[in-house]
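Q: When you get a sec, could you give me coordinates for this:
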Amino acid sequence: MTDLLQKRCKPCEGGVAPLSKPEAEALMKQLHGDWRLAEDAKSIRREWRFKNFYRTMSFVNAVAHIANTEDHHPDLEIGYGYCRMKFNTHAIGGLSENDFICAAKVDALP
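A: Model prediction:
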């Protein structure tokens, strides 16, 4: 279990600097290996594949619960048998620890 799973997202309305690339790379080590850090280190992305639309939507609903609980929401692209997810903190134009907290909680889904 990673330290990120024990944390809660903090409100972010801007006024703080986004994580640097080295800071983001360090936090990436606590996530599943399928997460990818953008070249500009302003977002992280991952894709999942499912047998059918029902399983995809079950996963998306579980993600929605995490997002609402943490009040930090990913960008999602959903279709038959897949879900693509991107986290970044819009208010600061890059990554914050919140993105990694939520990604770790998504990783912990069964």
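
Q: Please give me every residue in contact with the nearest residue to Leu95 once chain neighbours are set aside.
A: Nearest residue to Leu95 in three dimensions, chain neighbours excluded: Leu19, at 4.5 Å (Cβ to Cβ, 6 or more residues apart in numbering). All C-beta atoms are positioned from the backbone trio N, CA, C, and that covers glycine. Neighbouring residues of Leu19 by Cβ atoms under 8 Å, 6 or more residues apart in numbering: 27, 41, 94-97.

Q: Which one (most neighbours) among these?
A: Leu95 (25 neighbours; other Cβ atoms under 10 Å).

Q: related to what we said a few turns ago, relative to Gly79, which of the contacts of Leu19 is nearest.
A: Set against Gly79, the nearest of those by Cβ to Cβ is Leu95 (25.7 Å).

Q: Next, work out how far apart that closest one and Lys21 are.
A: For Leu95, the distance to Lys21 equals 9 Å [Cβ to Cβ, to the nearest Å].

Q: what residues are shared contacts of those two?
A: Contacts common to Leu95 and Lys21, judged by Cβ under 8 Å, 6+ apart, are Ala41.

Q: So what does Gly14 look like in phi/psi?
A: Note on Gly14: its backbone torsions stand at phi 100, psi -170 [degrees, to the nearest 10].

Q: While we're on it, how confident is the model there?
A: On pLDDT, Gly14 comes in at 78.

Q: Setting aside sequence neighbours, what's the nearest residue to it?
A: Nearest non-adjacent residue to Gly14, counting by Cβ to Cβ, 6+ apart: Ala91, 4.3 Å away.

Q: so after the lengthiest helix in the chain, what's the next helix or strand?
A: Counting residues, the longest helix in the chain under DSSP state H turns out to be helix 53-70. The helix or strand immediately downstream of helix 53-70 is strand 75-79, counting by DSSP states H and E.

Q: name the helices or strands packed onto the next helix or strand after that following strand?
A: Following strand 75-79 in sequence order, the next helix or strand is strand 82-87 (DSSP H and E). Helices and strands touching strand 82-87, by 3 or more Cβ pairs under 8 Å, 6 or more residues apart in numbering; DSSP states H and E, are strand 44-49, helix 53-70, strand 75-79, helix 97-107.
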